[in-house]
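Colleague: Quick one, what's the 3D model for this:
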Amino acid sequence: GCGDQLAKWVVNGRPDLDMYGYDIRRFCPEVSKNKEWVDQRSHEAYAKNYALVFPHDEPLASRNMKKDPFHEILEAAGCVYQGGSFWWKRPGEEQPGSPEED
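Modeller: Here you go, the predicted model:
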């Protein structure tokens, strides 16, 4: 894992594997500089490390950090939001019984 590669990096001057996928700097700078997001996402990633993976499971960290101007309108209309990227949530589906179906 990362610990093994970090040890090799310290001892040998470089890891054996490409560690880019584990580098938090691969996220946009705005995200990786936000301590709240880093703390939430790191804790969640650690907690889910050995957890079962379920379809449509989305990260809980950083929900509602950014909302578009239509967020409340769509939510009131029955929109179920999906997790997004870089804090933005995106509309996913409508719940049965939403105002459009009544």
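Colleague: quick one: buried residues of the helix ranked longest in the chain?
Modeller: Ranked by number of residues, the top helix in the chain under DSSP state H is helix 35-47. Across helix 35-47, burial judged by 16 or more other Cβ atoms under 10 Å covers 37, 38, 40, 41. (Each C-beta comes from the backbone N, C-alpha and C, glycine too.)
Colleague: Would you confirm that the second one contacts residue 44?
Modeller: No. Under the criterion of Cβ atoms under 8 Å, residue 38 lies out of contact with residue 44, with a separation of 11.0 Å.
Colleague: hey, what's in contact with both of these two?
Modeller: Counting by Cβ atoms under 8 Å, 6 or more residues apart in numbering, residue 38 and residue 44 have no common neighbour.
Colleague: and the most centrally placed residue in the chain, how far is that from residue 53?
Modeller: Closest to where the C-alpha atoms of the chain average out (Cα atoms, centre = their mean) is residue 59, at 4.8 Å. Distance of residue 59 to residue 53, given as Cβ to Cβ, to the nearest Å: 12 Å.
Colleague: what do you get for residue 78?
Modeller: Distance, residue 78 to residue 53, by Cβ to Cβ: 28 Å.
Colleague: again with residue 9
Modeller: 29 Å.
Colleague: More neighbours: which of these two?
Modeller: For residue 9 and residue 53, the more surrounded residue by other Cβ atoms under 10 Å is residue 9, and the numbers stand at 14 against 6.
Colleague: for that one, what are its contacts?
Modeller: 15, 19.
Colleague: For this structure, which segments count as helices?
Modeller: So, for the chain - with DSSP H - the helices run 2-12, 29-32, 35-47, 71-76.
Colleague: for residue 91, which residues make a bridge with it?
Modeller: Under DSSP bridges, the beta-bridge partners of residue 91 are residue 81.
Colleague: Neighbours of it, how many?
Modeller: 16.
Colleague: Cheers, nothing more for now.
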